[in-house]
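Chemist: Next input, structure requested:
(one chain, ligands or ions: 1)
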Amino acid sequence: MIGVLVSGNGTNLQALIDDGLPISAVAANRKDAYALVRAREAGIATATFSLDCHESREERDLLMATWLEEHGVELVVLAGYMHLLTEPFLRRFPERIVNVHPSLLPAFPGAHAIRDAVAAGANPTGVTVHYVDRGLDTGQVLAQERVALEPKSTLEERIHAVEHRLLPRVVRELCPAP
Ligand code: GAR
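Modeler: As a prediction, the model looks like this:
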């Protein structure tokens, strides 16, 4: 079973759902994440683990890992999840956490990769799916696809289209057989 972590709109979560992948749980770090609505509409269990409800990031991550395990999660997918994961979480899912990122890593890690690539005139830019470690968008690269910088007016849309194709493909390859 797959668990997905989200923070925002959840278009990548939607791509995973539409691909028919076995998602049993979706967790967010903020209760207003629209991704939670998408998950509920698909009949998937949801929970919010917001930092202000916990003593520390580590405690929050530990509870989130336990909740995912209770839902049978073996593979964790970060689909627009905007917090770094701490050791207590990473230890629970060794080599079983993947992230999608809108640049050709190691170029432009962080929360504003598309904007940063545009500012640097990086052509091509692209999309990376990679294993998660304790760093900021570091970890072994599983797949990358280039996206032309121009026309800039459609760059975000073209990057998202590639993410929505690449992420489900990689997750399907990693997914434990039913
Ligand atoms: C996606 O573009 C994803 O690559 C990016 O956040 C967006 C979430 O969109 N993630 C990062 O920048 C991680 N560093 P979504 O909520 O519609 O899937």
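Chemist: Any part of stretch 108-123 near the ligand?
Modeler: Yes - Stretch 108-123 lies within reach of the ligand by Cβ under 6 Å from any ligand atom, at 111, 113. In this view, the C-beta of every residue, glycine as well, is placed from N, C-alpha and C.
Chemist: so residue 67 is in which element?
Modeler: Secondary structure assigned from DSSP states H and E places residue 67 in helix 57-70.
Chemist: near the ligand, which residues of this protein?
Modeler: Close to the ligand, as judged by Cβ under 6 Å from any ligand atom, the chain has residues 8-12, 35, 79-80, 100-102, 111, 113, 137, 163.
Chemist: of those residues, buried ones?
Modeler: 8-12, 35, 79-80, 100-102, 113, 137, 163 (16 or more other Cβ atoms under 10 Å).
Chemist: Which members of the residues of the chain next to the ligand occur in strands, if any?
Modeler: Among these, the subset assigned to strands under DSSP state E consists of 100-101.
Chemist: Can you list the low-confidence ranges for this protein?
Modeler: Scanning the chain for pLDDT under 70 picks out the ranges 176-178.
Chemist: okay, now residue 18: neighbour count?
Modeler: With neighbours defined by other Cβ atoms under 10 Å, the count for residue 18 comes to 11.
Chemist: so who does it touch?
Modeler: Under the criterion of Cβ atoms under 8 Å, 6 or more residues apart in numbering, the neighbours of residue 18 are residue 168.
Chemist: Phi, psi for the residue of the chain found nearest the ligand please.
Modeler: Closest approach of the chain to the ligand (Cβ to the nearest ligand atom) occurs at residue 80, with a separation of 2.5 Å. In terms of degrees, to the nearest 10, the main-chain angles of residue 80 are phi 80, psi 30.
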